[in-house]
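1. What shape does this take:
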Amino acid sequence: VQLQASGGGLVQVGGSLTLSCAASGATLNINSWGWYRQTPGKEREFVGVVTTRGIVNYADSVKDRFTVFVDNGRAAVYLRMTNLKPEDSAVYFCGVDFENTGITQHAYWGQGTQVTVSS
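-> From the prediction side, this is the model:
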């Protein structure tokens with residue numbers, strides 16, 4: 001599976017942004033779609049995930065502000081981000097997995113897209 005993330009950029013505090021991640025290859029085998037983010041010097045952290053098993057989870061820091069949604073017809077996952085805060089600034093990575101329990105160590109990853117929230 002190959003993933004291509006896009007949609008990052010510079011946005012003001014309180015603004016909104018939607019990230020996109022298009023999958024190609026063995027997309028019919030994908031059962032979990034998720035987003036993670038990373039800032040310099042820190043480990044990649046979980047943002048949100050949806051699975052075909054019906055699991056929907058978000059990090060507490062983004063709950064009620066971010067939404068992960070999947071377009072199966074387009075084999076793409078999106079991250080809708082609202083009410084953005086400076087601490088949301090990071091490189092965002094999309095990940096997909098054939099497991100239906102979430103993103104595991106066997107996940108496929110996109111290249112990352114930078115989001116910068118200015119105050």
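2. Look up how far Cys21 lies from Asp64.
-> Distance, Asp64 to Cys21, by C-beta to C-beta, to the nearest Å: 22 Å. All C-beta spots, glycine's among them, are computed from the backbone N, C-alpha and C.
3. So for this protein, the centremost residue is which one?
-> Centroid-nearest residue in the chain, with C-alpha atoms, centre = their mean: Trp35, separated by 2.3 Å.
4. all strands for this structure, in order.
-> For the chain, the strands defined by DSSP state E cover 2-6, 9-12, 17-24, 32-38, 45-51, 56-58, 66-71, 76-81, 90-97, 108-109, 113-118.
5. I'd like those as a markdown table, with mean pLDDT appended.
-> Below are the strands of the chain laid out as a markdown table (pLDDT from 0 to 100):
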| stretch | mean pLDDT |
| --- | --- |
| strand 2-6 | 97 |
| strand 9-12 | 98 |
| strand 17-24 | 98 |
| strand 32-38 | 98 |
| strand 45-51 | 97 |
| strand 56-58 | 97 |
| strand 66-71 | 96 |
| strand 76-81 | 98 |
| strand 90-97 | 98 |
| strand 108-109 | 97 |
| strand 113-118 | 98 |
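6. Before I go, just wanted to say thanks for your time.
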